[in-house]
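> Return atomic coordinates for the entry below.
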Amino acid sequence: MKTLTNQTLLFDEDCPLCRIYTSGFIKAGMLDENGKKPYCQLSDEEQNFIDVERASNEIALVDNENKTVIYGIDSLLKVIGFSFPWIEKVGNIKPIKYFLKKLYSFISYNRKVIIPSKINKEIKLQCVPDFSYKYRILYILFTVFISSLIINQYLISFSILKIISFFAVLLLVQCTLVLNHSKEIILNYFGNFSTSILFGTLLLLPLLFLNSITNLPEISLKTYFYTIIFIVIIDVFRRIQIIKFNVK
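The predicted structure follows:
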């Protein structure tokens, strides 16, 4: 594995995914030991040539020798492409790069509702992405679509009216919590809420697979389903405690 030296990725230390893949680059030898740095630890000198606003939305790769910076999917393609040039070539093909950029933005702008973290207002420099109406609404629609597909497979053993009624009541309760807040806070909240729902429906997949192999008793399906609902409710309230309706 070829090592890209004198290059540092600025990452969001509150984002588990960011920590994992930046550490993975170093462990794999694609970056040297100084190949990553938390965004919040940027020095005043570094802030003179780094676009800190853009770096909070798109991971930045800093060339420590030339004091130059590239951002987002370009930085990831450069790191991976140094060891695997063909990946960088394929990734830079216009239609593919366009798709990768959109996918990256979709994840980056929603990373704080995928995995929420507390905002410490005492820290001046925090890696919190700008609020994007477009990507937040797309994310909510995406989670609703995927969740609906999975739940639809589970409804065979349940009363559809009961399930719809339950989620309608749950949604109504959520609406009352954010009724007097701004549009950004409402969408931020429902982004977290939809993540909890998606997380819960993904937990249904193992049982759906098992049920396709052998017909499980109806009581087992219902017990598992209501257990997942309980887990989702706990996760929703956990997220409320973390985010406290904060928006950048």
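> Tell me who's in contact with the residue nearest in space to the middle of the chain.
Geometric centre of the chain, nearest residue: Arg111, 3.2 Å, by CA atoms, centre = their mean. Each residue near Arg111 by CB atoms under 8 Å, 6 or more residues apart in numbering is listed here: 12, 15, 17-18, 129. To be clear about C-beta, it is placed using only N, CA and C from the backbone, and glycine gets the same treatment.
> Report the separation between it and Tyr139.
Look at Arg111 and Tyr139: by CB to CB, to the nearest Å, they are 10 Å apart.
> likewise Pro129?
According to CB to CB, Pro129 and Tyr139 sit 12 Å apart.
> who's more crowded, those two?
With neighbours defined as other CB atoms under 10 Å, Pro129 and Tyr139 compare such that Tyr139 has more, 23 against 18.
> The more buried one: what's it in contact with?
Tyr139 sits in contact with 106, 110, 113, 191, 194, where contact means CB under 8 Å, 6+ apart.
> could you say which helix or strand contains the fourth one?
It stands for Gly191. Element membership for Gly191, per DSSP states H and E: helix 183-202.
> circling back to that earlier point, now, which of the contacts of Tyr139 sits nearest Pro85?
Proximity of the contacts of Tyr139 to Pro85 (CB to CB) peaks at Phe106, which lies at 26.6 Å.
> Leaving out chain neighbours, which residue sits closest to that closest one?
Tyr135 (5.6 Å; CB to CB, 6 or more residues apart in numbering).
> quick check, that neighbour in a helix?
Yes: assessed by DSSP: H, G, I helix; E, B strand; the rest coil, Tyr135 belongs to a helix.
> ok, it - how many residues close by?
Using other CB under 10 Å: Tyr135 sits among 20 other residues.
> Find me the pLDDT at it, would you?
Per-residue pLDDT puts Tyr135 at 95.
> for the one 5 residues further on, same thing?
According to the model's per-residue confidence, Ile140 sits at a pLDDT of 90.
> Could you measure from it over to Ser212?
From Ile140 to Ser212 the distance is 29 Å (CB to CB).
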